[in-house]
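**Student:** this is a predicted model, with the sequence first.
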Amino acid sequence: MLKKQIITAVTLVFVSLSANAQCAMCRAALENNVSNGNIGIAAGINFGILYLFVAPYAVIAIIAFFWYRASKTNSKNELLKRSMASKCPRCKKGDIFHYPLTRISKFSEMNSHCPQCQVSFTPEPGFYFGALFISYAFNVAIMVTISILLYFFIHPPDWVYGASLVTVSIIFIPFSFRYSRILFLYGFGGLQSR
Ligand SMILES: [Zn+2]
C-alpha cells in the first residue's frame, strides 16, 4: 500500500501546474474592494491565511509545552529520553514498536502490549486517531520550513518545490508516524507510573 502511495505522490509532482494562492474571482473582488477604500474583506482573508499558516506551529508548541511540563513532574526526569527511545511509558523498559527504526520496511509494526509489563499500548479503541493531528502538525511544519528555506536561499523553479516537499515528506513518514504515536501515547495514554 505504501508503495502505491509513493508512486502516486511522485507522479503528482510531475504533473504539477502553477496556481495562484487565491482564485481569480476572489482576487478581482478583493482588488476592487481595496481600490474602493474598503480593506475589511482583504484584511479578513489575510488573517485567514496567517491563521492557517500559524495553526500547525501552535499545535506543536502546545504539545511541546505539555510534554515538557510532564517531563518536569516526572521524578527521574527521564520522559524525554524514554519517549525518544520509544520505550513503554509505564515501565520505561519495553519497546513500543516491534522493530528498531533502522528496519525501515517494518516501521509501522507496533507491539499491542508492552513486552515487559504487559500494559496495553491501545488504551481505548481508535486511540491513535488523535495522533493524526500530531503527524499533520509535524508534516506542515516540515513542509513550511523546507519551502521557506528554498525560497530564501535557492529560489528554485516551481517543480523543485514540489519534488523536494514530496521527497522530504516521504523520508519523514517513518519518523512522523512513530513520534506522533509515541507523543500521543505519552501525552494522552495515561500510562505513566505514578
Ligand atoms: Zn511496560
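**Tutor:** Nice, thanks for sending it over. Numbers count the residues shown, from 1 in each chain.

**Student:** wait, a helix at Lys3?
**Tutor:** Yes - per DSSP: H, G, I helix; E, B strand; the rest coil, Lys3 lies within a helix segment.

**Student:** burial measure for it, as a count.
**Tutor:** 7 (other C-beta atoms under 10 Å). Quick note: C-beta positions are derived from backbone N, CA and C, even for glycine.

**Student:** what separation is there between it and Glu109?
**Tutor:** 17 Å (C-beta to C-beta, to the nearest Å).

**Student:** who in this structure is up against the ion?
**Tutor:** Within the chain, the positions near the ion by C-beta under 5 Å from the ion are 88, 90-91, 94, 114, 116-117.

**Student:** try it again at 8 Å.
**Tutor:** 87-94, 114-119, 191 (C-beta under 8 Å from the ion).

**Student:** residue farthest from the centroid of the chain?
**Tutor:** Here the chain reaches farthest from its C-alpha mean at Asn36, the gap being 41.2 Å by C-alpha atoms, centre = their mean.

**Student:** give me the phi and psi for that residue.
**Tutor:** Backbone geometry at Asn36, expressed as degrees, to the nearest 10, gives phi -90, psi 10.

**Student:** same question, Ala85
**Tutor:** The phi and psi values for Ala85, taken as degrees, to the nearest 10, are phi -80, psi 0.

**Student:** can you tell me how far it is from the ion?
**Tutor:** Ala85 sits 13 Å away from the ion, going by C-beta to the ion, to the nearest Å.

**Student:** quick one: pLDDT of that residue?
**Tutor:** You'll see Ala85 listed with a pLDDT of 81.

**Student:** just to revisit the earlier point, with respect to Pro56, which of the residues of the chain next to the ion is nearest?
**Tutor:** The nearest member of those to Pro56, counting by C-beta to C-beta, is Pro89 at 24.7 Å.

**Student:** surely the closest one is within a strand?
**Tutor:** No - counting by three-state DSSP, Pro89 is located in no strand; its state is coil.

**Student:** doesn't Phe184 make contact with it?
**Tutor:** No - taking contacts as C-beta atoms under 8 Å, Pro89 lies outside contact range of Phe184: 10.7 Å.
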